[in-house]
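Enquirer: got a predicted structure here, sequence first:
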Amino acid sequence: MMIHKEDVLILFFRKKRTDHAIQIDSVTDLFKKLEKVPDFIHFEHKGKDFTCWISFIQTLVDVEYLHRDVFPYLYSDQTHNLTEVQDQIPTEKVIRTKDLSLIQSRLLDGYTIIQESEKKPDCLIIPSVKIKGREIEKSENETSVLGPREAFVESADLNINLIRKRIPIPQFMFEDMRIGKISKTRICVIYIDGIANKDNIQTVKQRIHDLEITSMIDSTMLALMISDNNNSIFPQFIDTERPDRVAGALYEGKIAVIVDGSPNALILPASIIEFFVAFDDYFLVWPIATAYRLLRLFAVAFSVISSSVYVAILTYHYQLIPDNLIPSLFTSRTTIPYAPLSEVLVLEIMIELLREAVARLPTKVGQTIGIVGGIVVGTASVQAGIVSNFLLIIIALSALSAFITPNYRMAATIRFIRFPFILSAQILGLLGISLCFLIFVNHLTRLTSLGRPYIEPIYPTRISDLKDAFIRLPLNFQNMRPLFLRPSDSKRFNNQRAHEKVGPKHSELDD
Amino acid sequence: MKVKMLILFALFPLLCGCIPTNTLDQTLMVEGEGFDYIGHGKVMGTVVMPSFIDTGTQGSQGTGIPATASMIRNLSGVTYDGKSLVDKFQSQGQEVMRVGSMKVMLFNKKMAEHGLSRQMSFRNRDPDVPSAISVAVVEGSTKKILTATDYQTQIPIARYIQHMIAQNSQQNYPTTNLRYFLDSYYGDYMDPFMPIILKNGDHLEIDGLALFRKAKYVMRIGENKMFLFKMLYEKFNQGVYDYQFSSGKHVAIRNVQASVKYHVVGGNSASPKIIALVNVKGYIRQASPKTINTKSTSAMERKIAESLSTNAEKMVCQFQKRGTDPLRLGDTVRSFTHHFDGKTWDERYPNADFHCRVQVKIVQTGISS
């Protein structure tokens, strides 16, 4: 048998598409394709005056609604053709079309198709989508003591509803896009027209539009795909499950992206500071909010640096240990058979194991694991002389501080970057830590989010954005929207009026 | 470019092992060194290092021994002046000996008289030694002080000495450590000094200052002159001046503030005039009965001021006679004089005309008045 060279190449490198059967050229093809699907309902209704074909997918369609509000009009004597049906059915947005792709996507979204005869491409599309999903629940990952508790659910419409009721203005805009060669997942780009920067909107739309994918399961996946630097360990967009946070971001001039089927919205662009901002900072008086932010910043620094500093100091810089600490450090170290590096790695990996195990296990078992891991393994390993109790305190504290970060993906990053720091501490001591820090800073200065500098209030320095960065000044000082976003309308409100007290003066009250 | 960078970072771990490590539990941390001069350029050197007790149970619970308790290990031997003791005794250490956390360096009086130039030259060259360590001259033998086991306190000896000197520097004694010593030693127109410590029975005490001329010990000043010295040397508070205004009658003033300002007239003349303007603000700490009340404070202020200034002038006069300049008067004159003639300063210094004007302000005489 002769085999051509080209055939072989095709065999290995380019599988020739032979699936012409999938190619759908007409409505009939579509129905034929769907015939094998058990929940596809396709039948002919024969009335006295009017005959039509009705087709829908049973599992997607609100059948009760069809029986109550659609079929009676088809069966009534007054209908004779499709136009009359369209006029009589008391449902808004009944579409009449011959566009096959529209028919197909609507049918698969849960719309009902009505035709006069099976072969005719002229179709009436009646919305009859069954909305069955999770109830709106409390947010689980981004909890807060103060403020709204609603969280997004998996339905995009419900999510938009949650955002829209917080922004009751006509400038609230959203654009639907369909992404995924196969899945055609619905993605909504939301912004406030007139506040959001037009370039930003364009960039987001273009990036989403240009995606070359087959399916889109979650918004976090989208975030990874449209980020500026796909290899960076730093998340470049904020994902949140709180509609109030999204509404706040939209008012600032940011853009939100919702993916149908995902309970997380993306907020774009984001600077690094925002990952350490809990949304309830805005619900507290500014000195306290500032203190919490600084605490979080300290926690992050502690979490990243502490174990590597332990390694560096114990391996190289014994000179730096305070006098009074030497005896306790020394005695806790003498029984340990390993070098500081291995000791730290053992404990760090142990904590990571615990965290991963607790995250995967059911909640009730998870608690047990926490106790077993935290108390039993911790103290036992100290008593067994594998790790020093001094280190146990440091590692436990640094693990705790890593979880202070409000954003889960940033917390993961912070836990991860500890390891390069530890290794470089072993190689070059404190010098190694500073070199490692240098590398990360270098990376951060180059990083962008939607083309905007990622560490913006710090570099390039923008004084007006520092008002809501490490410290949060009172709300009446925040009269400018973040410069970082280059919003179309940069001013929030009149600065002078914001500082004037409203209401009658004291003297008037006295009268 | 990226590939090059990657290769560079991949090579980075190979630097492992290029620098010597000092793992905490694999070092012997020398905390104190002592030098006793035994003549002919030979010294008896002593090093002390703590060997920490492993109490069995972790932390300080369990056994009765506190976690900070440590047994002192010491080594001593004869070597030549200027030899690094750590190198000398390394053969006796089970771990690497390091001087990075040194606390104190002691010299006996003979050593100080012999001169510390070799020791200082060596110490100044060694980057591993912290510059904030305490230095002191010992009345008697440093070896005895460092190796004695009969102290009333359990603190390791080096820390005992360091804390004692540091604590006293907050009060009447001037700030001293290796850095100040080296500064005065290498600086022009100034001389260094150290506190003197001695072992008295089962405790240590600090007993005046040893003054040097360049690297050699020349004289000492006693405990009672410390306030005068510190008043002329630096700005300070919390010092106590005990003024005996007639036999058996004392007034002690504790200063809340004392500052000094110098004026120099004729810095290049044969006898430059140096005027020290001292301001002392303080409260009465103790007083013999009926010696002071609200009415007599201003009279007492004048008396104390007079006593301070005459005693200070006397003290400086002694310095001039011995040719030592621990108060850095020469440097002060230099800073006041255009085209200062430094070469002849050593000859002119003994003839310098030193005046001290003191102003005392008593802000409070105690709660009884």
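Expert: Thanks, I have the structure now.

Enquirer: for residue A:446, give its distance to residue A:438.
Expert: Distance, residue A:446 to residue A:438, using Cβ to Cβ, to the nearest Å: 13 Å. For every residue, glycine as well, the C-beta is placed using N, CA and C.

Enquirer: again with residue B:284
Expert: As judged by Cβ to Cβ, residue B:284 and residue A:438 stand 58 Å apart.

Enquirer: for the chain, which segments count as strands?
Expert: I'll assume chain A. Under the criterion DSSP state E, chain A carries strands at the ranges A:40-46, A:51-57, A:95-97, A:111-115, A:123-127, A:172-179, A:185-192, A:238-240, A:255-259, A:265-268, A:448-449, A:452-453.

Enquirer: um, chain B though
Expert: Under DSSP E, chain B gives strands at B:27-29, B:32-37, B:42-52, B:70-80, B:96-98, B:104-108, B:134-139, B:193-200, B:203-213, B:216-221, B:240-246, B:249-265, B:273-287, B:353-364.

Enquirer: show me the beta-bridge partners of the closest residue to chain A within the stretch 201-350 of chain B.
Expert: In the stretch 201-350 of chain B, the residue that lies nearest chain A is residue B:204 (17.8 Å; Cβ to the nearest Cβ). For residue B:204, the beta-bridge partners under DSSP bridges are residue B:199.

Enquirer: now do the same for it: its pLDDT.
Expert: We have a pLDDT of 92 for residue B:204.

Enquirer: now residue B:273
Expert: 94.

Enquirer: how many neighbouring residues does it have?
Expert: By the criterion of other Cβ atoms under 10 Å in any protein chain shown, residue B:273 has 15 neighbours.

Enquirer: dump the residue contacts of the closest residue to it other than its chain neighbours.
Expert: Spatial nearest neighbour of residue B:273, chain neighbours left out: residue B:265 (4.1 Å); criterion: Cβ to Cβ, 6 or more residues apart in numbering or on different chains. Residue B:265 makes contacts with B:272-273, B:275, as judged by Cβ atoms under 8 Å, 6 or more residues apart in numbering or on different chains.

Enquirer: who has more neighbours out of residue B:284 and residue A:438?
Expert: Neighbours per residue (other Cβ under 10 Å) separate residue B:284 from residue A:438, with residue B:284 holding more: 21 against 10.

Enquirer: biggest helix in the chain, by residue count?
Expert: No chain was given, so I picked chain A. The residue-count maximum for a helix in chain A (DSSP state H) belongs to helix A:408-446.

Enquirer: please go with chain B instead
Expert: Longest helix in chain B, counting residues (DSSP H): helix B:297-322.

Enquirer: name the helices or strands packed onto that one?
Expert: Counting contacts by 3 or more Cβ pairs under 8 Å, 6 or more residues apart in numbering or on different chains; DSSP states H and E, helix B:297-322 packs against strand B:203-213, strand B:216-221, helix B:226-233, strand B:240-246, strand B:249-265, strand B:273-287, strand B:353-364.

Enquirer: check the closest residue to chain B within the stretch 401-511 of chain A and give its pLDDT.
Expert: Closest approach between the stretch 401-511 of chain A and chain B, counting by Cβ to the nearest Cβ: residue A:427, at 5.3 Å. Per-residue pLDDT puts residue A:427 at 86.

Enquirer: got it, and the one 5 residues further on?
Expert: We note a pLDDT of 91 for residue A:432 in this prediction.

Enquirer: ditto for the one 10 residues further on
Expert: You'll see residue A:442 listed with a pLDDT of 93.

Enquirer: count of neighbours near it?
Expert: 10.

Enquirer: equivalent analysis for residue B:267, please.
Expert: Residue B:267: 22 surrounding residues under other Cβ under 10 Å.

Enquirer: need the nearest residue in space to it, chain neighbours excluded.
Expert: residue B:337 (2.8 Å).

Enquirer: which residues touch that neighbour?
Expert: B:264, B:267-268, B:272.

Enquirer: next one: it from residue B:273, what distance?
Expert: For residue B:337, the distance to residue B:273 - Cβ to Cβ - is 12 Å.

Enquirer: quick one: name the residues of the stretch 151-300 of chain B near chain A.
Expert: residue B:159 (Cβ under 8 Å from any Cβ of the partner chain).

Enquirer: what residue in the stretch 151-300 of chain B comes nearest to chain A?
Expert: Proximity of the stretch 151-300 of chain B to chain A (Cβ to the nearest Cβ) peaks at residue B:159, 6.3 Å away.

Enquirer: isn't that residue right up against residue B:103?
Expert: Yes: counting by Cβ atoms under 8 Å, residue B:103 is a contact partner of residue B:159 at 5.9 Å.

Enquirer: which of these two has more neighbours?
Expert: residue B:103 (25 against 20).

Enquirer: the more buried one touches residue B:135, doesn't it?
Expert: No: the pair residue B:103 / residue B:135 is not scored as a contact, 10.7 Å apart, by Cβ under 8 Å.

Enquirer: ok, and the closest non-adjacent residue to residue B:73?
Expert: If the residues on either side of it in the chain are set aside, residue B:73 comes closest to residue B:51, at 4.9 Å by Cβ to Cβ, 6+ apart.

Enquirer: can you pull up the bridge partners for the one you found?
Expert: Applying DSSP bridges, one finds that residue B:51 bridges with residue B:71.

Enquirer: and it, how many neighbours?
Expert: Counted by other Cβ under 10 Å, the residues lying close to residue B:51 total 13.

Enquirer: cool, residue A:182 as well?
Expert: Neighbours of residue A:182 (other Cβ under 10 Å): 8.

Enquirer: what of the one 4 residues further on?
Expert: Residue A:186 has 19 neighbouring residues, counting by other Cβ under 10 Å.

Enquirer: what residues go with each domain of chain B?
Expert: B:1-221, B:223-369 (automatic domain parsing).

Enquirer: quick check: end-to-end length of the first one?
Expert: The reference is to domain B:1-221. Domain B:1-221 has an end-to-end distance of 69 Å (Cα to Cα, to the nearest Å).

Enquirer: hang on, the earlier thing: pick the most deeply packed of the helices and strands packed on helix B:297-322.
Expert: Among the helices and strands packed on helix B:297-322, helix B:226-233 has the highest mean neighbour count (mean count of other Cβ atoms under 10 Å in any protein chain shown), at a mean of 23.

Enquirer: contact partners of that helix?
Expert: B:172-174, B:208-209, B:221, B:236, B:239-241, B:258, B:260, B:276, B:278, B:280, B:308, B:311-312, B:315-316, B:326-328, B:356, B:358.

Enquirer: how far does it sit from its chain's centre?
Expert: On the basis of Cα atoms, centre = their mean, to the nearest Å, helix B:226-233 is displaced by 14 Å from the centre of the chain it belongs to.

Enquirer: check the contacts of residue B:337 and tell me the two furthest apart.
Expert: Largest separation among those by Cβ to Cβ: B:264 and B:268, giving 10.2 Å.

Enquirer: burial count for the residue lying closest to residue B:230 once chain neighbours are set aside?
Expert: Spatial nearest neighbour of residue B:230, excluding adjacent residues (Cβ to Cβ, 6+ apart): residue B:174 at 4.9 Å. Around residue B:174 there are 20 other residues, counting by other Cβ under 10 Å.

Enquirer: tell me the phi and psi of residue B:174?
Expert: phi -70, psi 160 (degrees, to the nearest 10).

Enquirer: that one contacts residue B:209, correct?
Expert: Yes: Residue B:174 is within contact range of residue B:209, at 7.4 Å (criterion: Cβ under 8 Å).
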